[in-house]
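Visitor: predicted structure and sequence below. I'll ask about it afterward.
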Amino acid sequence: MATLDSRIQNNAQLYHRLIQDLANEHDVSMEYEDISSTRAAVSEKLKTLQVELNFLSQTAKKEYDDLHKARHFSVRSAAATLKGKKKALIAKEEAEYQQAFETEQQAKRKVDMVSSELATLSAKEKKLKDQKDHMINIRGQLEGLLDEVFAEPDGSQVLEPQLRAELLNYVDQTNLATRDLQRFRDTDHNLVQVLRSIAKAKEISKVALNYVPFDIFGTALIDDQQVMYIEACQRTTWECQRRLNIVRGILPEIPYPNTLDVVTGNHMLGLRFEGGYVDIAWKVKVQQGYNILVTAEKNVKSGMQWVRHYLGYTEGAIERLKVAQEATKASLYNERRQIFDQALSATYGPPPSSSTAQVGSTLADDDAPPPVYEPPPNSDYNTNHQQAPPEVPTTIGSSSTQLDIPHLQVPSPTTDSGRHLRTASQSSSITAPPLHPPQEPTPPTSTTSSNADQTGHSYSTPNMNNPFRSSLQLPPKQ
């Protein structure tokens, strides 16, 4: 295996040529920035002058039209002729037109001058941009050469391996945080949709319970309109559970995932209305389903608060890690350049002053702790009490049209119905990202209520219920 000194000597000529080409890198970069800002200012000036020129051209055209009317037959010319003032009118219009014409010509000359200046600056900017791109290409070659030379660890160096390990650590943390950030955003989106669906199901449940059927005999236990309301609420509830299962799949670390459940113990989902059969306790079951939705809504809001806190923390951690990554990368580059220059100083002498300039800088506060991203942990509760999410019939998510209820006249939702909810990416409520991950919240309320209704009757309705009238048959469990 070749030593570090031998690898440096073998690449000495290429390294020396590259740093010679980079001698004017700083000057080219600064000149390019100056030219770019100057060209932008001249471009804005040209736009202003062109607007002014358009206005002056319209003014000159108007003055010419007035002069033409004064010389030829017009109402104003006829009036001036009767008063014996036609020559004075023509002289006045000629003077106004001459002044407007000269002003327009001056504006045109200014526009031509500024346009020529802008063309010169643009050509110079393009030339400097080509030089800057060439410098970037050379810088990439130099960094590749340094990576190749320092690919193998060397026991004689102390700072370079430390900086390399630190840079690799920052890169790994940034990749992990970027992956988790997308998970948090997807989870937040689904939780917002769940809250909207829960609000919709609550509204439909209240309509079904408070509906007064038009029946002069009062013999029916339930109206057909109420049946449609209840079935719509069942479909919406299943859609909520489908979204909650997606959340548990995307982010299994979310605290207390078992509470993200709106179907377990929900007797409303077991209501059937086939063949004229009506459950005498249908109102109790719908009320119990409504209570489960209320409890689930609280649990979902608690989970969404935790997710949004972690989302903001992750965004801030990515920003801090990128700053630390760039600073560490610059420090590693400078350290490798210094090692190379010391090894070649006897052969090539000191390198050009501009090429030894420090690129970038380390963190401003050396006493500040390095940025660290802490991914969401799997809590002991999730590990010991994790349960499989409730199974949702595949027919529920096969078509979005199943959730459309055009025939239902649901009242306008209240302010807490969820339609005003915004995802974290749409909301600007978080002004500054938190510096630390959220603490695990307290155990939320369980959505599984007692199987006894208010009348004392007990039910043993299974978890998997048909959300439609004879439109879905689930296979028996093995």
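Guide: Yep, that arrived.

Visitor: when you work out contacts or count neighbours from here on, use the C-alpha atoms and nothing else.
Guide: Will do.

Visitor: where does the stretch 1-150 of the chain dip in pLDDT?
Guide: Along the stretch 1-150 of the chain, the model assigns pLDDT under 70 to residues 1, 70, 72-86.

Visitor: helices along that one, start to end?
Guide: 4-10, 12-21, 25-71, 75-83, 86-149 (DSSP state H, counting those that start in this stretch).

Visitor: now the nearest residue to Lys110 once chain neighbours are set aside: how far from Ser37?
Guide: Here the nearest residue to Lys110 in space, its sequence neighbours aside, is Leu49; by C-alpha to C-alpha, 6 or more residues apart in numbering that works out to 7.6 Å. According to C-alpha to C-alpha, to the nearest Å, Leu49 and Ser37 sit 19 Å apart.

Visitor: chain center to whatever helix or strand Thr295 lives in, what's the gap?
Guide: Thr295 is located in helix 282-348, with elements delineated by DSSP states H and E. Taking C-alpha atoms, centre = their mean, to the nearest Å, the mean C-alpha location of helix 282-348 is offset from the chain mean by 14 Å.

Visitor: same for that helix, what does it pack against?
Guide: On a contact count with 3 or more C-alpha pairs under 8 Å, 6 or more residues apart in numbering; DSSP states H and E, helix 282-348 meets helix 4-10, helix 159-210.

Visitor: tell me the most buried of these?
Guide: By mean neighbour count, with neighbours taken as mean count of other C-alpha atoms under 10 Å, helix 159-210 ranks first of these at a mean of 19.

Visitor: quick one: average pLDDT of that one?
Guide: For helix 159-210, mean pLDDT is 93.

Visitor: now do that helix against helix 282-348, angle only.
Guide: With axes from the mean of the first three to the mean of the last three C-alpha atoms, to 10 degrees applied, the angle from helix 159-210 to helix 282-348 works out at 170 degrees.

Visitor: so Ile230 sits against Ala208, correct?
Guide: Yes. The criterion here is C-alpha atoms under 8 Å, and Ile230 meets it with Ala208 at 6.5 Å.

Visitor: tell me the SS of Asp261?
Guide: coil (DSSP: H, G, I helix; E, B strand; the rest coil).

Visitor: that one contacts Val294, correct?
Guide: No. If you go by C-alpha under 8 Å, Asp261 and Val294 don't touch, sitting 11.5 Å apart.

Visitor: ok, the two, which is more surrounded?
Guide: Asp261 (27 against 16; other C-alpha atoms under 10 Å).

Visitor: contacting residues around the more buried one?
Guide: Gln241, Leu244, Ala296, Pro389, Pro390, Thr447 (C-alpha atoms under 8 Å, 6 or more residues apart in numbering).

Visitor: mind checking what secondary structure the first one has?
Guide: Per three-state DSSP, the local secondary structure of Gln241 is helix.

Visitor: wait, it touches Val262, no?
Guide: Yes. Counting by C-alpha under 8 Å, Gln241 does reach Val262; the two are 6.1 Å apart.

Visitor: the residue nearest to Lys110: how many residues sit nearby?
Guide: Neighbour count for Leu49, taken as other C-alpha under 10 Å: 18.

Visitor: got it, and the one 3 residues further on?
Guide: Glu52 is surrounded by 15 other residues when neighbours are defined as other C-alpha under 10 Å.

Visitor: quickly note the distance from the nearest residue to it once chain neighbours are set aside to Leu332.
Guide: Taking C-alpha to C-alpha, 6+ apart, and ignoring the residues beside it in sequence, Glu52 has Ala107 as its nearest neighbour in space, at 7.6 Å. To Leu332, Ala107 is 56 Å away according to C-alpha to C-alpha.

Visitor: so these two - more neighbours on which side?
Guide: Applying other C-alpha under 10 Å to Ala107 and Leu332 shows that Leu332 carries more neighbours, namely 23 against 19.

Visitor: who's in contact with the spatially closest residue to the more buried one that is not a sequence neighbour?
Guide: Once flanking residues are discounted, Leu332 sits nearest to Leu163: 5.8 Å by C-alpha to C-alpha, 6+ apart. With contact taken as C-alpha under 8 Å, 6+ apart, Leu163 is in contact with Thr328, Lys329, Ser331, Leu332.

Visitor: 10 Å instead, please
Guide: Neighbouring residues of Leu163 by C-alpha atoms under 10 Å, 6 or more residues apart in numbering: Asn169, Thr328, Lys329, Ala330, Ser331, Leu332, Tyr333, Glu335.

Visitor: swap in Val111?
Guide: By C-alpha under 10 Å, 6+ apart, the contact list for Val111 reads Lys45, Leu46, Lys47, Thr48, Leu49, Gln50, Glu52, Leu53, Gln105, Glu117.

Visitor: just checking, the second one touches Ser115?
Guide: Yes. With contact defined as C-alpha atoms under 10 Å, Leu46 counts as touching Ser115 (6.9 Å).

Visitor: neighbour count: the two, which is higher?
Guide: Comparing Leu46 with Ser115 by other C-alpha under 10 Å, the one with more neighbours is Leu46, at 20 against 17.

Visitor: quick one, what contacts the more buried one?
Guide: Applying C-alpha under 10 Å, 6+ apart to Leu46 gives the contacts Ala40, Glu52, Lys110, Val111, Asp112, Met113, Val114, Ser115, Glu117, Leu118.

Visitor: can we see that at 8 Å?
Guide: By C-alpha under 8 Å, 6+ apart, the neighbours of Leu46 are Val111, Val114, Ser115.

Visitor: just Tyr229 next, same as before
Guide: Going by C-alpha under 8 Å, 6+ apart, Tyr229 touches Ile204, Ser205, Val207, Ala208, Leu408.

Visitor: go on, Ile318?
Guide: Going by C-alpha under 8 Å, 6+ apart, Ile318 touches Thr174, Ala177, Thr178, Tyr373.

Visitor: quick one: which of those residues is nearest to Lys69?
Guide: Lys69 lies nearest to Thr178 out of these, by C-alpha to C-alpha, at 72.5 Å.

Visitor: confidence score at the residue lying closest to that closest one once chain neighbours are set aside?
Guide: Distances taken as C-alpha to C-alpha, 6+ apart put Ile318 closest to Thr178, at 7.1 Å, once the chain neighbours are dropped. On the pLDDT scale, Ile318 is placed at 95.

Visitor: for Thr59, which non-adjacent residue is spatially closest?
Guide: In space, and not counting its chain neighbours, Thr59 is closest to Ala100: 6.7 Å by C-alpha to C-alpha, 6+ apart.

Visitor: can you confirm Pro255 is in a strand?
Guide: No. Counting by three-state DSSP, Pro255 is located in no strand; its state is coil.

Visitor: Arg179 versus that one, what's the distance?
Guide: Taken as C-alpha to C-alpha, the span from Pro255 to Arg179 is 19 Å.

Visitor: swap in Arg336?
Guide: Arg336 is 31 Å from Arg179, by C-alpha to C-alpha.

Visitor: does Lys152 belong to a helix, a strand or coil?
Guide: That one is not Lys; residue 152 is Glu. Here Glu152 is recorded as coil under three-state DSSP.

Visitor: repeat that for Pro371.
Guide: At Pro371 the chain is in coil, as set by three-state DSSP.

Visitor: and it, what is it in contact with?
Guide: By C-alpha under 8 Å, 6+ apart, the contact list for Pro371 reads Ala317, Arg320, Leu321, Ala324.

Visitor: can you convert those residues into a markdown table and add a column each for distance to Lys61 and neighbour count?
Guide: Shown next, in a markdown table, are the contacts of Pro371 (distance: C-alpha to C-alpha, whole Å; neighbours: other C-alpha atoms under 10 Å):
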| residue | distance to Lys61 | neighbour count |
| --- | --- | --- |
| Ala317 | 62 | 25 |
| Arg320 | 61 | 18 |
| Leu321 | 62 | 24 |
| Ala324 | 63 | 21 |
